[in-house]
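>>> A structural model of the following input is requested.
(4 chains)
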Protein chains: 2
Amino acid sequence: MDINEASSMLAALAQSTRLQAFRLLVGHEPGGLPAGDIARKLGIPQNTSSTHLAILVNAGLAGSTRNGRSITYRANLDRFRELNLYLLKDCCNGRAEICAPLIAALTPCCAATPA
Amino acid sequence: MDINEASSMLAALAQSTRLQAFRLLVGHEPGGLPAGDIARKLGIPQNTSSTHLAILVNAGLAGSTRNGRSITYRANLDRFRELNLYLLKDCCNGRAEICAPLIAALTPCCAATPA
DNA sequence: TTCATATATCGGCTATTCTTGATACATGGA
DNA sequence: TCCATGTATCAAGAATAGCCGATATATGAA
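Numbers count the residues shown, from 1 in each chain, chains lettered A, B, ... in the order given. Take a look at the predicted model:
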């Protein structure tokens, strides 16, 4: 993950319709959603939705597989996690006091396996 | 933090020069950096840098205080943490298995106070 | 093959963003 | 007050992004 990949992913998410689309996909993991359903749920024209989805895919934030006539989109959570790590790595390097509160805020809802 | 604030923050970071500037600021917490130093370190004209910094400030990702003739910029880490929480909240809601690996990857470098 | 359905791509338009030279504003020193 | 320094704003051109009607492509059914 270099700065250009990160920029591309951030740009893909830096548009409210696409961010909504991504959140929608995350919420439908691991099953995914057909392109048509996404456009309908977002209330936007089919081709606009298709363009946005292509941008998410191009940034590596989503993937698609054909299912008969429809094409199912899924969020790429690993890639999303990499982006978050990239963003957070900076403040962690030698300055744990900065990121610790984030982990603290995240832990209750994620409840990683208790030691 | 609503979707429009998040979009604005993501858009602010979705440009490699600004992302570099923000990383630079994060790396100089808590002291901050004068505007001139930022432009020099990034190797860009002073006015370009000023515009980018204004965008970071407008998105809430940075703040500035005057120090004599120069103006010192600082990263707003609380705000940055809120953005990350917003992005990660979705995958945590009822699906800890998605975010747990992120916490696991983050913990070693952040080393929150051990229980 | 023909038709219907699901999605992608094209074309052109508008709006926004990025960049930078020129210039204005603010501060400190003499 | 006058000048030097540090930073912000203006203006304008180039590039990019977003939108959507029209159309193309791909699949499945008859």
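
>>> Show me which residues of chain A sit near DNA strand C.
A:34-37, A:39, A:46-47, A:49-51, A:53-54, A:64, A:69-71 (CB under 7 Å from any atom of the strand). For the C-beta atoms, the positions are set from N, CA and C on the backbone; glycine is no exception.

>>> ok, of those, which come out buried?
Buried by 16 or more other CB atoms under 10 Å in any protein chain shown: A:Pro34, A:Ala35, A:Asp37, A:Ala39, A:Ser49, A:Ser50, A:Leu53, A:Ser64, A:Ile71, out of the residues of chain A next to DNA strand C.

>>> Can you give the distance of whichever strand or helix holds the third one from its chain's centre?
By that I understand A:Asp37. A:Asp37 is part of helix A:35-42 when elements are defined by DSSP states H and E. The gap between where helix A:35-42 is centred and where its chain is centred comes out at 17 Å by CA atoms, centre = their mean, to the nearest Å.

>>> The helix or strand just after it vs DNA strand D: in contact?
Going down the chain from helix A:35-42, the next helix or strand is helix A:46-58, by DSSP H and E. Yes: counting by CB under 7 Å from any atom of the strand, DNA strand D is contacted by helix A:46-58 at A:Asn47, A:Thr48, A:Thr51, A:His52, A:Ile55.

>>> what's the angle between helix A:46-58 and helix A:35-42?
Angular relation of helix A:46-58 and helix A:35-42 on a 0 to 180 degree scale: 110 degrees, by axes from the mean of the first three to the mean of the last three CA atoms, to 10 degrees.
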